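# Would you be able to build a 3D model of this:
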Amino acid sequence: MSGHSKWHNIQKTKGAQDAKRAAAFTKIAKELIVAVKEGGGITDPANNSRLATIITKAKAANMPNDNIKRCLEKAAGGQGGDNYETINYEGYGPGGVAVIVETMTDNRNRTAGNMRHHFDKFGGNLGTNGCVSWSFDKKGVLVIDNSEEELDEEEVMMDAMEAGADDFEADGDVFTIYTLPDDFNDVVSNLSKYTFVSAQIEMVPQNYQPLSEEQGVQMQKLIDAMEDDDDVQNVWHNWEE
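Coordinates of the predicted model:
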């Protein structure tokens, strides 16, 4: 597997990402609360696989343990998350880039209107369910930063394969480990000696779409607008920068 550029995209806009850290924590908090609710109120990740997955994501994002604890206590007390539902929207960005937007909302009419507005404003169009998701694979994605070159590529690859990973990719100073969704938590546990800079279930594109400079500017504006939307949890796309 090659061409997975999400982490590099994050690196290029690190300053902007740092400024959005509080908003990112808010989105993860929402996921934690909903994971507890949908898991029957279970706050022990050992007995709630979805919660375990979100906690791994939270830790990779450097969300403080106190924040995670408060979210779980809030969820255990039945506060928040009561009306949220997860809805995915699919469409096309500038130049025909495939886009999947994962939302968590308590008002689907508001969210649907916002999604249509974002697509229309930046040269895209909202499509129907299934119009682009067929060209993505749902996978667990674990990213290890090796910019200090402290890790041996072959050793990390062997550890990943022995841990049950589905694939491994070395791209510059980044190691990316792919898992089947159902194997994600076990692989994370088996690779506990490593620190992940990103760890979550993602929609990974099967191929990538290049854009002109002008189209790229519009595409970035579309992504930024969606990520700034409180209802949006994740934006997946196949734009090749």
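# got the contact list for S212?
S212 makes contacts with G95, as judged by C-beta atoms under 8 Å, 6 or more residues apart in numbering. Yep, even glycine has a C-beta here, placed from its N, CA and C like the rest.
# okay but A98 is in contact with Y92, surely?
Yes: the criterion here is C-beta atoms under 8 Å, and A98 meets it with Y92 at 6.6 Å.
# Checking T128 next. Helix, strand or coil?
Secondary structure state of T128, per DSSP: H, G, I helix; E, B strand; the rest coil, is coil.
# Not counting its neighbours along the chain, what's nearest it?
In space, and not counting its chain neighbours, T128 is closest to E90: 7.1 Å by C-beta to C-beta, 6 or more residues apart in numbering.
# Check which helices and strands the top helix by length along the chain is in contact with.
Using DSSP state H, we find that the single longest helix of the chain is helix 21-38. When contacts are defined as 3 or more C-beta pairs under 8 Å, 6 or more residues apart in numbering; DSSP states H and E, helix 21-38 sits against helix 49-60, helix 65-76, strand 98-105, strand 232-237.
# Residues that sit against both of A98 and Y92, list them.
V132.
# and T103, how many neighbours?
23 (other C-beta atoms under 10 Å).
# Got the confidence number for A58?
As predicted, A58 sits at a pLDDT of 95.
# can you check I33 too?
So, for I33, pLDDT stands at 89.
# and what of A76?
Reading off the model, A76 has pLDDT 82.
# How about the contacts made by the closest residue to it other than its chain neighbours?
Distances taken as C-beta to C-beta, 6+ apart place T43 nearest to A76, at 5.1 Å, with adjacent residues excluded. T43 is in contact with V36, L51, L72, A75, A76, counting by C-beta under 8 Å, 6+ apart.
# Tell me the spacing between the residue lying closest to the fourth one once chain neighbours are set aside and I54.
In space, and not counting its chain neighbours, A75 is closest to V36: 3.6 Å by C-beta to C-beta, 6+ apart. From V36 over to I54 the distance is 9 Å, taken as C-beta to C-beta, to the nearest Å.
# and if you look at Q206?
26 Å.
# distance of the residue of the chain most remote from its centre from E227?
Taking C-alpha atoms, centre = their mean, the residue of the chain most remote from its mean C-alpha position is G77, at 27.0 Å. Separation of G77 from E227 (C-beta to C-beta): 30 Å.
# quick one, the longest strand seen in the chain and helix 49-60 angle?
Of all the segments of type strand in the chain, defined by DSSP state E, the longest one is strand 136-145. Relative orientation of strand 136-145 versus helix 49-60 (axes from the mean of the first three to the mean of the last three C-alpha atoms, to 10 degrees): 40 degrees.
# the domain parsing of the protein - what is it?
15-76, 85-134+206-240, 136-205 (automatic domain parsing).
# Which of the ones you listed comes out lowest on mean pLDDT?
domain 15-76 (a mean of 88).
# Nothing else from me, thank you.
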